[in-house]
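Participant: Following is a predicted model, sequence given first.
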Amino acid sequence: MITIIQITLKGIFRDRVFQGIMALAVLFLFIPSAASLSMRQVTELSITLSLSLISFILLLLAVFLGSTSLWKDMERRYTFSVLSLPVSRTSYLLGRFFGLALFLLMTSALLGTVAGLVIKVASGIYPPGRPIVWSYLLLAVIFATLKYILLVAAAMLLSTVSTSFFLPVFGTICTFLASGITQQVYEFVHSPASANTISPFLKTVATGVYYILPNLSGFDLKVNAIYSIPPSGYGLGLTLFYFISYTAMLLGGAALLFARREMK
């Protein structure tokens, strides 16, 4: 599995998609200038823009690398040569996933460091009204990374049942968009205000979708980092447990489907 992880990392660094996406990191240089347009909340705006740019870059990497990793291997028939070796399909799949997860961790560490320097510069030029709690900023970057690692697992699950890259790519994008609002929809359909407007059938459907799709809203700690609000330790632990459990289920399903897939 370690060899598969190393091969995955080498392939990513040679990928033109990766090089194009990482070119977006140049936008960090313009954050202090853009944040200076807000004369009262320069530091808050610089944190917001930095975290948003990190999330956007990680999203693109998770969607396009996670969705096309298996598809490219099978399209180029690289999978056949690898699986002819004493390597199980599950080990191959997990090696690919952990390689992508490690790459996202490395990328977020690099981008987080750059964002920290940018925020430091912005706060030095325009001192903030409240102190920056760097540990909250670090937690926001870490949990954003976990969110997109979970999305990679969802992309690989879709890749195991698809013969083209369209379903994994667009399916992953739809999963991301839908999972960001499942909590709000669930709370609305079960609120007293919707008691007379939503049928029991729709409530059942919404509840089922809520438990099937990943809930990514709990990974968002931007508000805590921006306004120095202490996050709940219990909430962080629950989110971490949810990440481990849901990612394990996605990988388990992907391994089961990939083991039964016919290679042509």
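Facilitator: In hand now; what should we look at?
Participant: in the helix or strand harbouring residue 114, what counts as buried?
Facilitator: Using DSSP states H and E, the element containing residue 114 is helix 89-125. Using 16 or more other Cβ atoms under 10 Å as the test for burial, helix 89-125 gives 89-104, 107-108, 111-112, 114-116, 118-119, 122-123. C-beta here means a position set from N, CA and C on the backbone, and glycine is covered the same way.
Participant: next structured bit after that helix?
Facilitator: Next along the chain after helix 89-125, taking DSSP H and E as the criterion, comes helix 134-159.
Participant: got any ranges where the stretch 51-200 of the chain has weak pLDDT?
Facilitator: Scanning the stretch 51-200 of the chain for pLDDT under 70 picks out 74-86, 163.
Participant: what is the orientation angle of the helix holding residue 114 with helix 134-159?
Facilitator: 150 degrees (axes from the mean of the first three to the mean of the last three Cα atoms, to 10 degrees).
Participant: From the contact counts, what lies against helix 89-125?
Facilitator: Contacts defined by 3 or more Cβ pairs under 8 Å, 6 or more residues apart in numbering; DSSP states H and E place helix 89-125 against helix 2-14, helix 31-35, helix 42-75, helix 78-83, helix 134-159, helix 233-260.
Participant: Out of these, which is the most enclosed?
Facilitator: For the helices and strands packed on helix 89-125, the largest average neighbour count (mean count of other Cβ atoms under 10 Å) is found in helix 134-159, namely a mean of 23.
Participant: immediately after it, which helix or strand?
Facilitator: Using DSSP H and E, the helix or strand that follows helix 134-159 in sequence is helix 166-179.
Participant: Mind listing what's buried along that following helix?
Facilitator: 168-169, 171-172, 175-176, 179.
Participant: Give me the helices and strands touching the next helix or strand after it, please.
Facilitator: Using DSSP H and E, the next helix or strand after helix 166-179 towards the C-terminus is helix 182-189. With contacts taken as 3+ Cβ pairs under 8 Å, 6+ apart, helix 182-189 sits against helix 200-212.
Participant: For the helix it packs on, which residues meet the burial criterion?
Facilitator: Buried residues in helix 200-212, counted by 16+ other Cβ under 10 Å: 206, 210.
Participant: Could you name the helices and strands sitting against it?
Facilitator: On a contact count with 3+ Cβ pairs under 8 Å, 6+ apart, helix 200-212 meets helix 182-189.
Participant: Recalculate using a threshold of 10 Å.
Facilitator: Here helix 200-212 touches helix 166-179, helix 182-189, going by 3 or more Cβ pairs under 10 Å, 6 or more residues apart in numbering; DSSP states H and E.
Participant: Which among those is found nearest to residue 138?
Facilitator: Among the helices and strands packed on helix 200-212, the nearest to residue 138 by Cβ to Cβ is helix 166-179 (23.3 Å).
Participant: host element of the residue lying farthest from the centre of the chain?
Facilitator: Distance to the chain centre peaks in the chain at residue 196, reaching 36.8 Å (criterion: Cα atoms, centre = their mean). Assigned by DSSP H and E, residue 196 belongs to no helix or strand.
Participant: What separation do you get for it and residue 207?
Facilitator: Residue 196 sits 18 Å away from residue 207, going by Cβ to Cβ, to the nearest Å.
Participant: what sits against residue 67?
Facilitator: Residue 67 makes contact with 151-152, 154-156, 158-159, 162, 165-173 under the criterion Cβ atoms under 10 Å, 6 or more residues apart in numbering.
Participant: how about a cut-off of 6 Å?
Facilitator: Counting by Cβ atoms under 6 Å, 6 or more residues apart in numbering, residue 67 makes contact with 155, 168-169, 172.
Participant: same question, residue 55
Facilitator: Residues in contact with residue 55, defined by Cβ under 6 Å, 6+ apart, are residue 144.
Participant: do residue 148 as well
Facilitator: The contact partners of residue 148, taken as Cβ under 6 Å, 6+ apart, are 58, 62, 104.
Participant: How about the first one: what's its closest non-neighbour residue?
Facilitator: Think residue 58. If the residues on either side of it in the chain are set aside, residue 58 comes closest to residue 148, at 4.3 Å by Cβ to Cβ, 6 or more residues apart in numbering.
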